Every structure is written in C-alpha cells, then in structure tokens.
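predicted model and sequence follow; I will ask about them next.
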Amino acid sequence: MQKCRQEKNYANNLCSFLTDPYALFIIALGIILSFLMFHTDKLHYDNIQILEKAYKLVFLNEWTHYGNRASKVGYLPGSLTTLISAVPMKVYFSPYSADFIILLMHFTSLLMLLDVGRKFVRKNNKLLLFLVLILFWLNPWRLEQCSLYNPAYLFFFSSLHFWTAMKMQEKNFTLTLIHVCSIGFGVQIHLSVVILGFTSLFLLYFRKIKFHWPAFILACTLFILSLVPWFIFYKNSLREDLVKTNNFLFGKNFLYIYPVVKAIIYWIRFGSSFFTKFIFVNFDLSWIPSNALQFIVGTFFHILKWILAAITMYFSFIWNLRFLRKVKKKNFIYQVKNKVIKGELSYFYVYYISLFLAMVLSSGLSPTSFLSWHLILCFPVIALFISYHVFLYLQKESKYNKRLFLGFLVSSLSVFMLFVIMGTSFHSYKNNYHQAAIKYLEKKN
C-alpha cells in the first residue's frame, strides 16, 4: 500500500512538472526544432530504404517483411519497420506521418527518463528534471535522429528497456514481458539492440532484475511468431542479398583494439557537445548575407563550439572515470548484489555499468567498426547520468545562478541547432523534405 501511495505521489509530481510553463516552453521548443530537422533533411540512402516500404504499401498494397540493410549481414527482418513507418504514410500520404511516429517515440522516451529521474531527488526539487528535459530533449544527439531511418526509432526501445529494468527488483509478469519484447522487437529495427540483450544478462548476474519466466517465454514466443512472415518471404524469395554472407569474423574488434576504444570514446562524447561530424564540422553559412559577416559569425561560432566541446568532453570523461573508480574501489556492484545498499540511484548505477560493459562487449564482438548510430541507443541513459552529475555540481549554487545556467543550456543548444538546420552535411534551409520524398515516390509510380 505504501509503495502504491509513493508511486502515485511520484506520478503527481511528474504531471506537475510537465505542466510547468518553463517545461512546456522547452517541450514546445524541442518539437519545433525536431520538425525543422525533419523539414530540412536531405534525401539520402537510408531515407530511401524506408520510403521504399511506404511506396510498396501505398501504391502496390504490398507489405514489406524485410527491414533496412545492416552492415555485413544483409537485410534485417522488417515487418515492424513497415508497421511504424509505412502504415502512417498509408493513413496520410506524407513523410511527416512517419516522422510524427519518430517524434512520438522520442517524447515517450523522455517521459520514461523523467519518470526514473524524479526518484533521485526530493519531490519539490525540479532542477534535475529540467536538466534531463534540456540535455535529452534539446540535445543535438537526439535531434540529429529526427530523420526517417531506422536508428531514429532506437531511443524508444532502449528507454523502455531501461525503464522496465529499474522496476524489476521483484518478479512481475507485465514488466518482464515488456522488457524482453523491447529487446526482441528492437532487433527488427537495428542489430545494435543486441547491446540491450547483453545488458539484461549483466543485470541478471548482478541480481538487479528478476524475470517472471512464464512472461519471458511468452515474450520469446511473440518475437518468434513476428518473424514467421519474414521466414516465409525469405523462403519464397529469389533475392540473394536478403542475407548477405560476406566473410567476417565475430570478435575481430577485440584483436584490433581500436574499434573498442573508438566505441568507448563515443560513450564519452554522448555526454558532451562534441557531436558527430555531420552536424559539427561542415557548416554552410551562405544564408548570411555578406562574406564579411559570414567570416565574423563563422569564426566566432567555430571557436565557441570547440571550446564548449572541450569543456564538456572533460567533464564527461572525469565523471565517467570517477564513477568507474567508485565502482571498483568500494566494490559497489557486490554491495548492491547482496543488498547491502539499496535505492533507485544505486540501481541506476548498476544499470549504467551494465550498459557500459554490454557496449564494450558488443563493440568487440561486432563484425564491423561501430559508428555513432550503432551506439546511439545508449544516449538516453548517458543523458540521465550527465544530468544527475550536473545537478550535483549545481547544488551549492544560488537560485539565480541555477536559472542562469539552465538558460545558457537552452539558448546555446538552440542556437547550435539553428546553425545545423540552416546548412550542414544533411540539412539545408533550402530543402523541403516533404516535397522531395513525395516527388521520389510519385516518380517511382
């Protein structure tokens, strides 16, 4: 009864936060920036793979049972990809229909992060929730994923996996079912979801979660049944590229070392403003009227972005290093495993180290070198980790300084995203993604 009352209080506090005028402003700002990212996106190969599914469903009434092409191993099973991308375009013929589903999944991820984060602090302290809201919802690491390609959907599956894991200290049928399905069905979106599978294995070993085994069996059964259309299609298809059988070696990245180190560096970068080269390096400033002004604005912008990247990389590295030292020095995992210490924050730290170990293991076993989108599903949890450490850092600051810092975060991230939207590798203010996508589909027809 006490636990139910506590959960109800947490829910009321979260609802109160979400109706805060400042929170509503940040949410609205994130929606606007997300739409602008959708609108200015340049049509590229990964987009076209999704649009091909929409074309077959809208114009040919044909359901596509294979997903996007994965490195080295061919096309993934993709009935789920068709459901969440092509079906919305069948309902309303526009790429924005599919983009809306992506945005909805991102917002659901945000709610799950806030739901976990609100338990780390006192009920009347909204600072951490504002930090999570800003550092996830307005973060270019998220906004870059506002594009019609399969990694854009990963935040939902990783956040769902995280949210259920944080509630699975006791056996629960529904939570186990959802937890396992977040892994199984996520595989149809992108193979990097294997990281979540390894995370669950580590959590089981650390006794952080308990599975309801009938629910586990049901989830596995549902996953296998979802693959039946793919198996039938593959058996009857003459396409040899559906499963690519190039020679590759699992575990070769442990031999080369650098791919694993590269993955760890990405882990640190996800907690910083050192974003991917697609939105960090190549900027088109032709929208600025004069060459002299382009030079002045461009020079100031590039100097500032590198300074902020260096500072945030430093703190991300230091906070992660201190955390790993704490885990090793105080035998933290052992204490949690044997219930010497308890609490939501302690469980979160166990999940965080489990996700990190799963990421390292997956990067070593992978037949290909990881890039940012292979690991992007780790970002929501890293955003919560960084938010909490910024929260601790600001505890001794005055109320005015805290507000000043939050304002700086909102304004700096927004300004950076406006530069991205106006002109980068995959975005331009001259683009109209809706027209480009519709033109491509009608041309095929």
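Looks like it came in fine.

would you confirm that residue 192 contacts residue 375?
Yes - with contact defined as Cβ atoms under 8 Å, residue 192 reaches residue 375; the gap is 6.8 Å. Placement of C-beta: from N, CA and C, glycine included.

so who does residue 44 touch?
By Cβ atoms under 8 Å, 6 or more residues apart in numbering, the contact set of residue 44 is residue 426.

can you pull the phi and psi angles for it?
As for residue 44, its main-chain torsions (degrees, to the nearest 10) stand at phi -140, psi 180.

low-confidence stretches in the protein?
In the prediction, the chain carries residues with pLDDT under 70 at positions 1-12, 70-74, 123-124, 237-251, 330-331, 333-334, 336-342.

quick check: the most centrally placed residue in it vs residue 354, distance?
Closest residue to the average C-alpha location of the chain: residue 155 at 3.3 Å, with Cα atoms, centre = their mean. Per Cβ to Cβ, to the nearest Å, residue 155 is found 18 Å from residue 354.

cool, residue 198 as well?
With distances taken as Cβ to Cβ, residue 198 is found 8 Å from residue 354.

of those two, who's got more company?
When residue 198 and residue 354 are compared on other Cβ atoms under 10 Å, the one with more neighbours turns out to be residue 354, at 24 against 19.

the residue nearest to the centre of the chain against residue 105, yeah?
Yes - with contact taken as Cβ under 8 Å, residue 155 and residue 105 are classed as touching, separated by 6.5 Å.

start to end distance for stretch 425-440?
Start-to-end span of stretch 425-440 (Cα to Cα, to the nearest Å) is 20 Å.

pull the residues that contact that stretch.
Counting by Cβ under 8 Å, 6+ apart, 37-44, 47-48, 51, 93-96, 147-148, 277-279, 281-282, 284, 287, 420-423 sit against stretch 425-440.

then stretch 154-170?
By Cβ under 8 Å, 6+ apart, the surrounding residues in contact with stretch 154-170 are 105-106, 108-109, 112-113, 115-116, 142, 145, 175-176, 178-179, 182-183, 185-186, 189-190, 192-193, 196, 199-200, 203, 208-211, 344, 347-348, 351, 376-381.

so what's residue 375 up against?
Residue 375 sits next to 192, 195, 263, 266, 267, 270, 359, 363 when contact means Cβ under 8 Å, 6+ apart.

so which strand or helix has the fourth one?
Per DSSP states H and E, residue 266 falls inside helix 258-269.

likewise residue 130?
helix 127-132.

same question, residue 273
When elements are defined using DSSP H and E, residue 273 is found to belong to no helix and no strand.

gap between the two ends of stretch 252-262?
Start and end residues of stretch 252-262 are separated by 14 Å (Cα to Cα).

which parts of that stretch are buried?
Burial within stretch 252-262, assessed by neighbour count using 16 or more other Cβ atoms under 10 Å, is assigned to 253, 259, 260, 262.

in this protein, which spans are strands?
Secondary structure of the chain, counting by DSSP state E: strands at 66-70, 74-77.

and the first one, which strands flank it?
Read that as strand 66-70. Looking at strand 66-70 with DSSP bridges, its paired strands and their directions are strand 74-77 (antiparallel).

let's see the partner strand as PDB, backbone CA atoms only.
Once non-C-alpha atoms are left out, strand 74-77 reads as follows in PDB (Å, rounded to 0.1, in the frame of the first residue of the first chain):
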ATOM      1  CA  GLY A  74      22.300  -8.200 -45.200                       C
ATOM      2  CA  TYR A  75      18.700  -7.100 -44.600                       C
ATOM      3  CA  LEU A  76      17.000  -7.500 -41.200                       C
ATOM      4  CA  PRO A  77      13.500  -8.900 -40.700                       C
END
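
which one in this protein is furthest away from the centre?
The outermost residue of the chain relative to its centre, with distances by Cα atoms, centre = their mean, is residue 292 at 38.7 Å.

any idea how far it is from residue 299?
Here the criterion is Cβ to Cβ. By it, residue 292 lies 11 Å from residue 299.

widest-spaced pair of the buried residues of stretch 252-262?
The span of these, defined through Cβ to Cβ, is set by 253 and 262 at 9.0 Å.

overlap in contacts of the two?
Where contact means Cβ under 8 Å, 6+ apart, the residues bridging residue 253 and residue 262 through contact with each are 363, 369.

residue 180 is in contact with residue 215, correct?
Yes - counting by Cβ under 8 Å, residue 215 does reach residue 180; the two are 7.4 Å apart.

between these two, who's got more neighbours?
When neighbours are counted by other Cβ under 10 Å, residue 180 comes out ahead of the other of residue 215 and residue 180, with 24 against 20.

for stretch 359-378, buried residues please.
By neighbour count, with 16+ other Cβ under 10 Å as the criterion, the buried positions of stretch 359-378 are 359-370, 372-378.

now do the same end-to-end measure for it.
Stretch 359-378 has its terminal residues 8 Å apart, counting by Cα to Cα.

distance to residue 388 added to the buried residues of stretch 252-262, as CSV?
Listed next are those as CSV, based on distance: Cβ to Cβ, whole Å:
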residue, distance to residue 388
253, 30
259, 29
260, 26
262, 26
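
of those residues, closest to residue 328?
Taking Cβ to Cβ as the measure, residue 328 sits nearest to residue 260 out of these, at 18.9 Å.

quick one, what contacts that closest one?
Applying Cβ under 8 Å, 6+ apart, we find residue 260 in contact with 253, 254, 360, 363, 364.

ok, now residue 105?
153, 155, 156.

make it 6 Å
Each residue near residue 105 by Cβ atoms under 6 Å, 6 or more residues apart in numbering is listed here: 153, 156.

also residue 200?
Contacts for residue 200 (Cβ under 6 Å, 6+ apart) come out as none.

hmm, 7 Å instead?
Counting by Cβ atoms under 7 Å, 6 or more residues apart in numbering, residue 200 makes contact with residue 183.

likewise residue 287?
So residue 287 contacts 422, 423, 429 (Cβ under 7 Å, 6+ apart).

hang on, residue 267 packs against residue 359?
Yes - at 6.4 Å, residue 267 counts as touching residue 359 under the criterion of Cβ atoms under 7 Å.

now do the shared contacts for those two.
Taking Cβ under 7 Å, 6+ apart as the criterion, residue 267 and residue 359 both touch residue 378.

quick check: which of the strands of the chain is buried the most?
Burial among those, expressed as mean neighbours by mean count of other Cβ atoms under 10 Å, is greatest for strand 66-70, which shows a mean of 21.

can you give the contact residues for it?
Taking contacts as Cβ under 7 Å, 6+ apart, the residues outside strand 66-70 that touch it are 46, 49, 75, 76, 77, 78, 81, 150, 188, 191, 230, 242.

now list the buried members of those residues.
Buried residues within those, counting neighbours by 16+ other Cβ under 10 Å: 46, 49, 75, 76, 77, 78, 81, 150, 188, 191, 230, 242.
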